[in-house]
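1. Model the following, please.
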Amino acid sequence: MNPTRTRRALGAGAATIVAALSVGTAAVPAHAAGQQLKVIPSSGSLQIPSQPVAPQPSGENVFLRIGRTGTGVVTDAKLALDVSGLDGLATLDAPGCTTAGKVITCTIGRLEHDNINLTTHLWLSAVAGAKPGSSGTVHATLSAPGAETGTADFRVDVGTARYRTHKSTEAKGVKVGAKLPSDLEFANHGELPAKRAIVHVDLAAGLTVDTWPSNCEYAVDKGQSWNNDPPMPSVQGICTFDGEIAPGQAVKLNGLDITVGPDAYYTFADYGVFATDDAYGTAGMAALRTRLVFKPGTGAPATLTKTAGDGIPAGNDTNGYSTEQEVMADSSADFQATGAWAPDTAGAAGTLTAGMGNNGPASIFDRSGGDGAPHVTVQLPEGVTVTDLPKTCHADDYVHGRKSDKPLNKYACDGIGSGFMPSGASVAHKLGLKLPAGTGELVATVSLQNMASDYGDGHPTAVMPWDRNPANDLVKVTLRPGGATAAPVSDSTPTAAPAPATGATAAPSATAKAAAGAELADTGSSAVLPLAGASTAAVALGTAALIGSRRLRARRNG
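-> Numbering: from 1, shown residues only. Here you go, the predicted structure:
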């Protein structure tokens, strides 16, 4: 059975923390001998209310990460947190750690990652009587025998301005080309006035702003791979609004209209709102500025207008500064199974190329990370043996979620992605096969399956609501036509190298074009390729193939 696909917990807060990893803080001097250790705060400053707040069950509001450079293993690592700078302001709770005077020491032990979260749930709370607007500093030191010590400081601000957002809406059935106004609404639920509001806008695949306001800057992000998925493109914007926002005051963003593009299906606009550029959550913006080139907007400035602020929670949710505007576009994406057979000169062995493609028009973000995102199932006829199985495929001897008592000669291979599947992308896997002696017809089946169909009776039980053409989710590939002759094959017969895909055949039900596959031939594994232009090259090769699917953002309560 195909392994359960990972749900990707990249909440707006978590995504910011992940982005912070690429920034790093407190650079460590080069050291020729030993490892260099790192302490990586989630931001330059943390904001807490001036009233004491007891630690939440398994909660944390500090989010330190640690690491080491290089590839070796560090042992006996310890993290020391000097909290003398918090005297009279706040306390730091660190379960499982020891305290001596003003220093809290946490045993890390073995460290073999360049960036990993600290498993101790650190919780900051103001002390009774702390004055709003006061600040203190925590000094963190990570050390280990034979390693270069890493240090970092982070500021703790008590009772400052602090923004909390209204839960955004979900727009359903939106026509491609439509414009949606931003629905961002937020309030200052801190204890002091804010001098400005900084809004980070993250537009996922399919959403754009035609003309950015002049008080915004923007950049197009090609995206970075996550969990081996294709990169998910986005448009990043940072808008600044100068002017005081009093405690308790709520405002709504106006003048930022979002256009729904042809590659939109399920997508979203994420927002983060901050009172200062070093507040908790801003590390994501800092990371983007180091990686992207931002341009100034040229349109009429966006504005903030006062609202009643009904339904905006105050709370201590660490991700309360962020929200998400979901969009369901009235679009679709045609997923297609792909298959091609390239026999050797004797016709007794060859290479089966099996895969899938997304013919668009929409790019698909499967938020479930598995319920809809398909994998490729290859069902081989009895007697056919696999001589070369790529690492991207594995034997699948499960029926209805239970392991069969005998091999099924069935294989599951990776799809385009487990979460993001761009329009125009394809994936292909090359399986080396040996055919049994004889003259009978041999036909392999390549189909698209997912977690739902793994528990159903074959195809088409996969539930892919975006695919309005499920007929091409299954293709039959003829390995040997009926009545054909083939030389006897014994176990000792070496497998010939696959010839260029001449003489390949495909079942009449195949509705696809031939895939070039030239870039895949050298690796024998999978790759994500653009579909555009593939068919012309493939026809020249004579193959009978077919060309040819963001982040799970944690919802917060309240």
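2. ok, how many other residues are close to Leu89?
-> Here the count is done by other Cβ atoms under 10 Å, and Leu89 has 23 residues near it. Yep, even glycine has a C-beta here, placed from its N, CA and C like the rest.
3. Could you check how far the nearest residue to it once chain neighbours are set aside is from Ile40?
-> The shortest distance from Leu89 to any residue other than its chain neighbours is 4.4 Å, reached at Gly136 (Cβ to Cβ, 6 or more residues apart in numbering). To Ile40, Gly136 is 20 Å away according to Cβ to Cβ, to the nearest Å.
4. the more surrounded of these two?
-> Between Gly136 and Ile40, Ile40 has the larger neighbour count (other Cβ under 10 Å), namely 26 against 18.
5. Assess the claim that the more buried one and Ile66 are in contact.
-> Yes - Ile40 lies in contact with Ile66 (Cβ atoms under 8 Å); the separation is 6.8 Å.
6. shared neighbours, those two?
-> Counting by Cβ atoms under 8 Å, 6 or more residues apart in numbering, the contacts common to Ile40 and Ile66 are Asn115.
7. How far does stretch 466-478 stretch from one end to the other?
-> End-to-end distance for stretch 466-478: 29 Å, by Cα to Cα, to the nearest Å.
8. Also stretch 117-125?
-> So stretch 117-125: terminal residues 21 Å apart, Cα to Cα.
9. List the buried residues in it.
-> By neighbour count with 16 or more other Cβ atoms under 10 Å, stretch 117-125 contains the buried residues Asn117, Leu118, Thr120, His121, Leu122, Trp123, Leu124, Ser125.
10. do stretch 190-203 as well
-> Buried residues in stretch 190-203 (16+ other Cβ under 10 Å): Gly190, Glu191, Leu192, Ala194, Ala197, Ile198, Val199, His200, Val201, Asp202, Leu203.
11. which residue packs closest to Leu256, ignoring adjacent ones?
-> Ser182 is the one closest to Leu256 (Cβ to Cβ, 6+ apart), at 4.3 Å.
12. Pick the one among the buried residues of stretch 117-125 closest to Gly281.
-> Leu124 (15.3 Å; Cβ to Cβ).
13. ok, what's across the strand from Leu203?
-> Going by DSSP bridges, Leu203 is paired in beta bridges with Val235, Ala269.
14. Show the residue spans covered by the strands in the stretch 201-350 of the chain.
-> Applying DSSP state E, counting those that start in this stretch to the stretch 201-350 of the chain gives strands spanning 207-208, 216-221, 234-245, 250-254, 257-260, 266-274, 295-296, 303-307, 322-329, 333-343, 349-361.
15. Off-centre distance for the first one?
-> Right, strand 207-208. 18 Å (Cα atoms, centre = their mean, to the nearest Å).
16. quick one: strands adjacent to it?
-> For strand 207-208, pairing defined by DSSP bridges yields strand 257-260 (antiparallel).
17. The second one now?
-> Under the criterion DSSP bridges, strand 216-221 sits next to strand 234-245 (antiparallel), strand 295-296 (antiparallel) in its sheet.
18. The fourth one too?
-> Here strand 250-254 is paired, per DSSP bridges, with strand 185-188 (antiparallel), strand 303-307 (antiparallel).
19. Could you look over those strands and pick the most buried one?
-> Across the strands paired with strand 250-254, averaging neighbours per residue (mean count of other Cβ atoms under 10 Å) puts strand 185-188 on top, at a mean of 26.
20. what's next to it, contact-wise?
-> With Cβ under 8 Å, 6+ apart, strand 185-188 has contacts from 161-166, 194, 197, 245-253, 273, 275, 307, 309, 312, 321, 323.
21. Tell me which strands the host helix or strand of Thr99 pairs with, and in which orientation.
-> Using DSSP states H and E, Thr99 falls within strand 98-100. The strands beside strand 98-100 in its sheet (DSSP bridges) come out as strand 103-111 (antiparallel).
22. and Ala444, how far is that from Val475?
-> In terms of Cβ to Cβ, Ala444 sits 9 Å off from Val475.
23. Ok, Ile66 next?
-> On the measure of Cβ to Cβ, Ile66 and Val475 end up 49 Å apart.
24. now the helices: where do they sit in the protein?
-> Residue ranges of the helices in the chain, as given by DSSP state H, are 12-21, 283-291, 518-521, 534-541.
25. Closest one of the buried residues of stretch 117-125 to Asp330?
-> Asn117 (39.8 Å).
26. Verify the contact between that closest one and Phe63 for me.
-> Yes - contact criterion Cβ under 8 Å: Asn117 and Phe63 qualify, at 7.4 Å.
27. could I get the strands of the stretch 201-350 of the chain as CSV with distance to Ser423 and mean pLDDT?
-> Output for these, formatted as CSV (distance: least, Cβ to Cβ, whole Å; pLDDT from 0 to 100):
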stretch, distance to Ser423, mean pLDDT
strand 207-208, 14, 97
strand 216-221, 17, 98
strand 234-245, 15, 98
strand 250-254, 29, 98
strand 257-260, 14, 98
strand 266-274, 12, 96
strand 295-296, 25, 98
strand 303-307, 35, 97
strand 322-329, 12, 96
strand 333-343, 7, 97
strand 349-361, 3, 97
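28. okay if I get those strands as CSV plus distance to Ala373?
-> Shown next, in CSV, are the strands of the stretch 201-350 of the chain (distance: least, Cβ to Cβ, whole Å):
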stretch, distance to Ala373
strand 207-208, 21
strand 216-221, 22
strand 234-245, 19
strand 250-254, 33
strand 257-260, 22
strand 266-274, 12
strand 295-296, 34
strand 303-307, 39
strand 322-329, 17
strand 333-343, 10
strand 349-361, 11
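29. Tell me which of those lies nearest to Gln36.
-> strand 216-221 (29.2 Å).
30. For that closest one, what is the distance to the chain centroid?
-> Counting by Cα atoms, centre = their mean, strand 216-221 comes out at 20 Å from the chain centroid.
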